[in-house]
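dropping the sequence and predicted coords here.
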Amino acid sequence: MGERWCAGISRLVGVVREAGEYRLVVTQPVAAGTCLFTIGGEVTGTPTRYTVQVGAGEHIDVPPDCGNDEVQDLFSWRFMNHSCEPTVEIRGRKVFSVRAIEPWQEITFDYNTTEYEMVEPFACRCGAPNCQEQIRGFRFLPAAERERLRPRLAGHLLSVLDSELDDRHVVGH
């Protein structure tokens, strides 16, 4: 499935509620590199615990007048949870699988790859071997972890990382 076919609403995903928690899952097998959907919504300069950062000072949010059914149908991205070993990555506003995903497997992304600073930091419980344990945003990651995430970083964070490297090189001379 090519990037140009990446729709805002996708039949590849669905919202599941289990034990009082929502999660986004794939509804059919998905190959690595598949564009699952495009993150739609309103651009805001104000981050919340539910927004996704897509640029320096730019966050996508669900329109305030949406009910829960509309959010699940039109803005299902809102139910993507965090994992330190995610199943997807976000490029711009498009969401791509980073590996094959089986039906009913959760769609997760690493919040540290899009969020410079989390409005509400939290303790991670993903259980991944490389778990960061405390998710606070890119700003708080050690240099080695920032570099490890480089291939999956959103453009606005990649710019931050590259400018830090440039600053170190200038200072070192």
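Perfect, thanks for sending it. Numbers count the residues shown, from 1 in each chain.

which residue ranges of the chain form strands?
Under the criterion DSSP state E, the chain contains strands at 13-18, 21-26, 35-38, 42-44, 52-55, 58-61, 81-82, 88-91, 94-97, 108-109, 122-123, 134-135.

so which of these is nearest residue 150?
Residue 150 lies closest, by CB to CB, to one member of the strands of the chain: strand 88-91, at 11.9 Å. (Each C-beta comes from the backbone N, C-alpha and C, glycine too.)

so which elements touch that closest one?
Other elements packing on strand 88-91 under the criterion 3 or more CB pairs under 8 Å, 6 or more residues apart in numbering; DSSP states H and E are strand 94-97, strand 108-109.

now for those strands, which one comes closest to residue 84?
strand 108-109 (9.1 Å).

average pLDDT for that closest one?
Mean pLDDT, strand 108-109: 97.

remind me what it packs against, helices and strands.
Here strand 108-109 touches strand 81-82, strand 88-91, going by 3+ CB pairs under 8 Å, 6+ apart.

which residues sit against that strand?
80-83, 86-90, 95, 126 (CB atoms under 8 Å, 6 or more residues apart in numbering).

in these, which has the lowest confidence score?
The member of the contacts of strand 108-109 with the lowest pLDDT is residue 126, at 93.

follow-up on the earlier one: wait, which of the strands of the chain is closest to residue 67?
It is, among the strands of the chain and with distance given as CB to CB, strand 13-18, at 13.5 Å.

quick check: angle from the closest one to strand 21-26?
Interaxial angle of strand 13-18 relative to strand 21-26 (axes from the mean of the first three to the mean of the last three CA atoms, to 10 degrees): 150 degrees.

partners of strand 13-18, with directions?
Here strand 13-18 is paired, per DSSP bridges, with strand 21-26 (antiparallel).
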